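> got a predicted structure plus its sequence, pasted below:
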Amino acid sequence: MTKLSVNINKVATLRNSRGGNIPDVVQVAIDCQLFGADGITVHPRPDERHIRYADVIDLQPRINTEFNIEGNPSPEFISLIKRIRPTQVTLVPDAHDVLTSDTGWDTVEHKDFLTDVVNEFQSMGVRTSIFVDTNLEMIKMASKIGADRIELFTGPYAMEYKSNREKAIAPYIEAATMAKKLGLGVNAGHDLNLENLNYLYVNIPWLKEVSIGHSLISDALYMGLEKTIKAYKNCLNRPLDSPKP
Ligand SMILES: CC(=O)[C@@H](O)[C@H](O)COP(=O)(O)O
Ligand SMILES: NCC(=O)COP(=O)(O)O
């Protein structure tokens, strides 16, 4: 079963835009779980542009599904993970000033650092996932580092999906097949939406988790959160959609 982890970063973006506590990030997380989300994902960035460290602390006792915290493992981030001990930590190589995540790790260059961080989090009982591109050498090294899972950065897949979905999915099938052979769990995320998600799932049915935020929260503005979450879940347990005309 491929789990849907709802990333609530953009709920916090809306809240922060006016100050105060509307929408209430914690209540949205509670409701996402009631509506069928298998997990909640947050990405507290150093500039706290959306999810704040304080949000992560407030969320922790209210998450009764899987709690996935993403981020670049700075000393502050590592301390947060030590305090929260979420279900999973996803290590992302983002620079502080990026608009959004736009690349996976160079696991070869950062092997020693990532090995230490993975070992530290695993010693706390936290599942570790490394955000990677479809480069097979990077995935092989993620396995040598000892990560439990990889998260495939699906930005390039989403970009190419509309023009040529067969070409878009090919490197992801190859990467996910390699990861599976190496004993790595396979997660996926970034720019997934109601148009491209089912094709990813049908071609890589052994996906453990997809984490989806921007498009899902945007869709909820039109469809409502409960209907939207059910629509995304439905993409993860049905045969291939016929290509849209
Ligand atoms: C790692 C990844 O691809 C996304 O989860 C990322 O967290 C999105 O970050 P923003 O919500 O800040 O765009
Ligand atoms: N890891 C991907 C994630 O959590 C959400 O990415 P997006 O759907 O906001 O692009």
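Perfect, I can see it now. Ligands and ions are numbered 1, 2, ... in the order given.
> backbone dihedrals for residue 120, please?
phi -60, psi -50 (degrees, to the nearest 10).
> quick check: chain neighbours aside, which residue is closest to it?
Nearest residue to residue 120, sequence neighbours excluded (C-beta to C-beta, 6 or more residues apart in numbering): residue 78, at 7.0 Å. Quick note: C-beta positions are derived from backbone N, CA and C, even for glycine.
> could you give the mean pLDDT of the helix or strand hosting that neighbour?
Element membership for residue 78, per DSSP states H and E: helix 75-84. On average, the pLDDT along helix 75-84 is 98.
> partners of whichever helix or strand comes after that helix, with directions?
As assigned by DSSP H and E, the chain's next helix or strand after helix 75-84 is strand 88-91. Applying DSSP bridges to the sheet, strand 88-91 is found paired with strand 66-71 (parallel), strand 127-132 (parallel).
> pLDDT of stretch 28-35, averaged?
So the average pLDDT for stretch 28-35 ends up being 99.
> identify the residues contacting whatever residue of the chain ends up closest to ligand 2.
Per C-beta to the nearest ligand atom, residue 189 is where the chain lies closest to ligand 2, at 2.7 Å. Neighbouring residues of residue 189 by C-beta atoms under 8 Å, 6 or more residues apart in numbering: 7, 41, 151-154, 210-212.
> can you classify the residue nearest the centre of the chain by secondary structure?
Centroid check for the chain by C-alpha atoms, centre = their mean gives residue 211 as the closest residue, at 3.6 Å. The local conformation at residue 211, judged by DSSP: H, G, I helix; E, B strand; the rest coil, is strand.
> and it, how far from residue 78?
The spacing between residue 211 and residue 78, counted by C-beta to C-beta, to the nearest Å, is 20 Å.
> and what of residue 26?
As judged by C-beta to C-beta, residue 26 and residue 78 stand 24 Å apart.
> show me what the residue nearest to the centre of the chain is bridged to.
Assessed by DSSP bridges, residue 211 has beta-bridge partners residue 5, residue 189.
> who are the contact partners of it?
5-7, 39, 41, 68, 70, 90, 151, 187-189.
> now do 10 Å
3-7, 39-43, 66, 68, 70, 88, 90, 129, 151, 154, 187-190, 192 (C-beta atoms under 10 Å, 6 or more residues apart in numbering).
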